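Student: kindly return the folded structure for what I paste below:
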Amino acid sequence: MHKTMKNQMGKWYVHDSDGHEIYLTEERWQHIVAGHRELHNHFDDILNTVRHGKRRQQPQDPQTFVYRLRCDKLRPPFNGVIVVVAFRFESQENNGNTVSNNFVVSAWGLTMRH
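Tutor: I've put the predicted structure just below:
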């Protein structure tokens with residue numbers, strides 16, 4: 001079972017099917033629902049898409065991945081969710097090691113073929 005955890009910084013963390021830790025910030029969630037009303041009240045479906053969706057690397061930006069998953073809970077004509085995730089790295093100041101920093105950029109509903 002996957003857990004969704006929110007820390008004090010307003011971030012929700014999940015792991016995709018390959019084990020990558022990915023987070024969604026409160027700011028990005030507000031951006032998503034402001035621009036994509038079809039996802040209003042579908043917070044869990046966005047995180048579920050990251051957890052279980054089919055992942056495809058973007059050729060124009062190899063550090064960006066798109067996750068897609070069918071979701072029949074959306075209002076017609078939408079029956080799927082697409083989530084864009086940026087895979088980045090940052091250095092830790094105290095030891096110079098590089099750590100992953102993978103975050104949701106945006107999401108929207110889509111119409112998937114049957």
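Student: E27 touches G10, doesn't it?
Tutor: Yes - contact criterion CB atoms under 8 Å: E27 and G10 qualify, at 7.5 Å. Placement of C-beta: from N, CA and C, glycine included.
Student: neighbour count: those two, which is higher?
Tutor: The neighbour count for E27 versus G10, taken as other CB atoms under 10 Å, is higher for G10 (13 against 10).
Student: for the more buried one, which non-adjacent residue is closest in space?
Tutor: Nearest residue to G10, sequence neighbours excluded (CB to CB, 6 or more residues apart in numbering): E26, at 3.8 Å.
Student: buried ones in stretch 95-104, by neighbour count?
Tutor: Using 16 or more other CB atoms under 10 Å as the test for burial, stretch 95-104 gives 102-104.
Student: got the phi/psi numbers for the residue nearest to G10?
Tutor: phi -60, psi -40 (degrees, to the nearest 10).
Student: from the chain's centroid, how far away is the strand or helix carrying N48?
Tutor: Per DSSP states H and E, N48 falls inside helix 43-52. Distance of helix 43-52 from the chain centroid (CA atoms, centre = their mean, to the nearest Å) equals 7 Å.
Student: likewise for stretch 20-39?
Tutor: 8 Å.
Student: export the helix holding N48 as CSV, just CAs?
Tutor: Extracted in CSV, the C-alpha atoms of helix 43-52 (Å, rounded to 0.1, in the frame of the first residue of the first chain):
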residue,chain,number,x,y,z
PHE,A,43,-6.5,15.6,-5.8
ASP,A,44,-6.1,11.8,-5.0
ASP,A,45,-6.5,11.0,-8.7
ILE,A,46,-3.6,13.2,-9.5
LEU,A,47,-1.4,11.5,-7.0
ASN,A,48,-2.7,8.1,-8.1
THR,A,49,-1.7,8.9,-11.6
VAL,A,50,1.9,9.5,-10.5
ARG,A,51,1.8,6.2,-8.4
HIS,A,52,0.3,3.9,-11.1
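Student: other residues contacting the next helix-or-strand element following it?
Tutor: Per DSSP H and E, the first helix or strand lying C-terminal to helix 43-52 is strand 54-58. Identification of contacts with strand 54-58 by CB atoms under 8 Å, 6 or more residues apart in numbering yields 16-18, 64-69.
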